[in-house]
Structures are given as C-alpha cells and as structure tokens.
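>>> Sharing a sequence plus its predicted fold:
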Amino acid sequence: MMHRRCAQEVDALHRFFEGWFVGTLERSDETFEQLKEALADGFIIIGPTGRLVERNELLVELRRAHGAWQPLGGRIWIENFHHRSSLQGLHVVTYEEHQKQGGVKTTRLSTALLVESPQDPEELRWLHVHETWLPESS
C-alpha cells in the first residue's frame, strides 16, 4: 500500500510541474499552494549539476517559471519507480524523471525522501531530492 501511495505522490507532483511549466495550470496563489503544501519545511533538492536549493529559494524560482515551456510545450513522465524503504514515517523512493521540451529530451535518476505529515499520516510531504543526469539512449 505504501508503495502505491508514494508512487501516486511522485506522479502527482510531476503532473503539477508539467502543468505549471506548460501553463495549463492557472497562475494563482491557490494553485501554487498545492506545491507549497507538498514540500515539507526543511526541504532541499540537489539538482543534477550538484546545486543545492532550499525550499524557499526553490518556491521563488518555480513561481517565476509558470508557462516557461510555452510555446514549445513539454512533457514530464516517471518510469522505473521503486519504493526502497520505510522507517518511522520516512519513505525512500527512486525513479527516472523524463522531460521532453521541443526536440530535447533529458532523463534524471532521482532519489527522494518523503515524510508523513504529522497532522495526517496519509499525506506525504517531500523532504529531500537528489537528482543525477542519465545519458539518453538512442
């Protein structure tokens, strides 16, 4: 069951990113609140270039990125999701994140730490993500 719940959370966040970047999601405080609620206090992401970004800085960058993929459009999808481990409300997952914008495709291998919300253990929050570039296969 936790495997499915974590997979749903990973999928939901990346569907948000795709809609936000393409501009199909409304650019509003209410819509953006979904992302703010998904990222736990103390959240960090280490991107594939090694840059560490903390929650508040990331939220500013993402807020500005609404519609950034227009007019080319784009797509994000997840493959090879694995729920690796759970311990005391923490869940480690790995997955491949594929992005295609115009004719350019990139793939990242991501490891994420999801944490159960103290208010509702059924709700998961993102605490940590570490991404690594994967080479594109022909």
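Done, it's in.
>>> make it CA atoms for all contacts and neighbour counts henceforth
Noted.
>>> can you list the weak-confidence ranges in this structure?
Within the chain, the ranges that satisfy pLDDT under 70 run 137-138.
>>> Would you map the helices across it?
Applying DSSP state H to the chain gives helices spanning 2-22, 29-38, 55-64.
>>> Show me what the second one is packed against.
This means helix 29-38. helix 2-22, strand 124-134 (3 or more Cα pairs under 8 Å, 6 or more residues apart in numbering; DSSP states H and E).
>>> Give the buried residues for it.
32, 35, 38 (16 or more other Cα atoms under 10 Å).
>>> on that earlier part again, mind checking the helices of the chain for the one nearest to residue 80?
Among the helices of the chain, the nearest to residue 80 by Cα to Cα is helix 2-22 (10.3 Å).
>>> what does that closest one contact?
With Cα atoms under 8 Å, 6 or more residues apart in numbering as the contact definition, helix 2-22 has outside contacts at 25-27, 35, 38, 65-70, 73-78, 81-83, 91, 93, 114, 124.
>>> Please identify the most buried of the helices and strands packed on helix 29-38.
strand 124-134 (a mean of 20; mean count of other Cα atoms under 10 Å).
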